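Asker: need a 3D model of the following:
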Amino acid sequence: MKPHCIKPTVISLFVLSSLSYTLGATYFLKENIVGESFYSHFDWEAVADPNHGRVNYVDQDTSVAQNLTYANFDTFILRTDYTTVLSAEDPGRNSVRIRSKNTYTTHVAITWPGIKETKESDKPKGNYAHLRHQGLVDIVEGINDQPPNSITLHTTEVFDVLITTELTIYGERMYHARHATSERFYHFLYFCPMTEPLLCRISGQLDCNTLVNSNAGCGVTNPGSSDYGPEFNVKGGGWYVVERAPDHISIWFWSRHDPSIPHELKYGSFEVDSRKWGVPVAYFPNDTCNPMSKYFEENNIIINLTLCGDWAGTAYGQSGCPSTCIGTKLDSTYETLILMSPLSRSVLDFVNNNPDAFVDAYFDFAAIRVYQPVAY
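Answerer: Next up, the predicted model:
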């Protein structure tokens with residue numbers, strides 16, 4: 001087999017939503033999306049890729065006919081085409097982008113490839129302008145076999161004054177980094193256990209604004225956690241849990257066979273209690289910015305697999321993969337495509353000419369379970 005730079009992902013995702021502010025709460029199973037039920041819980045979006053990747057998103061019938069999506073009683077697989085050599089005139093390698101039919105006032109997801117959460121119009125605009133007042137949470141986001149996972153928020157304007165303090169939360173002393181705030185914007189912060197300060201760090205920019213820093217958002221990573229890339233796959237995938245309350249967003253991660261996985265999550269219990277799960281990988285409180293609903297509206301769960309594009313294409317040279325991604329990037333308005341140098345365009349395009357490199361470019365979902373308060 002020829003070298004490839006994208007590997008399979010096995011994921012269980014739990015989405016929790018809360019009506020009242022608590023650091024931990026009890027939730028009850030609302031949706032259990034497993035296997036073939038993905039087809040009835042999600043819409044297939046045959047639209048232009050908002051990330052400007054070398055992909056052609058197809059409808060549900062096409063994805064089934066071409067085996068780009070497959071389901072049985074306990075598995076759902078989403079993948080990209082791995083048989084077709086593309087010409088420069090082709091719209092891109094066939095791939096899949098799906099959006100949940102239901103919306104949630106507290107949490108949602110997309111992928112790069114990965115899982116994110118945002119509200120989108122019925123016909124995505126092909127840029128990020130519509131996210132500025134709707135909010136986006138990247139739950140699983142990564143590129144080119146390069147760990148760790150990046151948990152990132154994208155929202156409206158923020159300032160970049162960083163304040164560092166210390167406090168106790170979830171029973172642990174944590175570092176607390178946040179922006180100075182005003183009534184106009186929302187910004188998250190990241191908590192790192194002081195006993196392991198090198199295992200977690202703020203990633204990238206401190207400004208969540210989609211219109212600055214090339215829409216990098218404000219994110220955190222958890223190095224050494226095997227939450228993305230080859231080590232993630234070697235360990236059989238993992239469990240991501242997202243809790244969104246009016247005053248905070250928390251995200252946890254466990255490798256698939258981690259003995260510390262809460263029993264209630266591993267076996268899909270009807271009732272779960274986030275107070276039992278320990279310190280989250282990332283904790284994003286509302287802090288002095290109220291209300292959170294002003295910056296995160298009703299959101300959909302969105303799952304997609306793109307190739308090259310705004311982030312992966314730009315960083316492709318650092319991946320160790322052969323050749324180059326197709327050369328496009330966005331200007332600062334995220335509305336106009338600009339071609340890169342003739343040199344990059346003249347190099348053999350890896351995505352076009354190496355379909356067998358994407359044999360293992362897929363997601364394997366065990367389940368997506370949505371929990372809500374009983375009063376919701």
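Asker: partner strands of the top strand by length along the chain and their direction?
Answerer: The longest strand of the chain (DSSP state E) is strand 362-372. Strand 362-372 has its sheet partners listed here by DSSP bridges as strand 9-17 (parallel), strand 26-33 (antiparallel), strand 76-79 (antiparallel).
Asker: how about residue 351, phi and psi?
Answerer: Main-chain torsions, residue 351, degrees, to the nearest 10: phi -70, psi -40.
Asker: pLDDT of the longest strand of the chain, averaged?
Answerer: Taken as a whole, strand 362-372 carries a mean pLDDT of 88.
Asker: show me the shaky parts of this structure.
Answerer: Applying pLDDT under 70 to the chain picks out residues 1-24, 105-137, 141-148, 153-219, 221-225, 227-228, 284-296, 309-348, 374-376.
Asker: can we see that at 50?
Answerer: 1-9, 19-21, 107-118, 121-133, 158-202, 288, 313, 327-348 (pLDDT under 50).
Asker: next, residue 40: secondary structure please.
Answerer: Under the three-state scheme (DSSP: H, G, I helix; E, B strand; the rest coil), residue 40 adopts helix.
Asker: the one 10 residues further on now?
Answerer: For residue 50, the assignment made with three-state DSSP gives coil.
Asker: so how far is residue 81 from residue 67?
Answerer: 9 Å (CB to CB, to the nearest Å). Any C-beta I mention is one placed from the backbone N, CA and C, and that applies to glycine too.
Asker: repeat that for residue 69.
Answerer: Look at residue 69 and residue 81: by CB to CB, they are 12 Å apart.
Asker: for residue 247, same thing?
Answerer: Between residue 247 and residue 81 the distance is 43 Å, computed by CB to CB.
Asker: and what of residue 29?
Answerer: 35 Å.
Asker: do residue 232 as well
Answerer: Between residue 232 and residue 81 the distance is 23 Å, computed by CB to CB.
Asker: more neighbours: these two, which one.
Answerer: residue 232 (27 against 22; other CB atoms under 10 Å).
Asker: packing partners of the strand or helix carrying that one?
Answerer: Following DSSP states H and E, one finds residue 232 within helix 230-234. On a contact count with 3 or more CB pairs under 8 Å, 6 or more residues apart in numbering; DSSP states H and E, helix 230-234 meets strand 9-17.
Asker: mind listing the residues bridging to residue 367?
Answerer: Residues in beta-bridge contact with residue 367 (DSSP bridges): residue 12.
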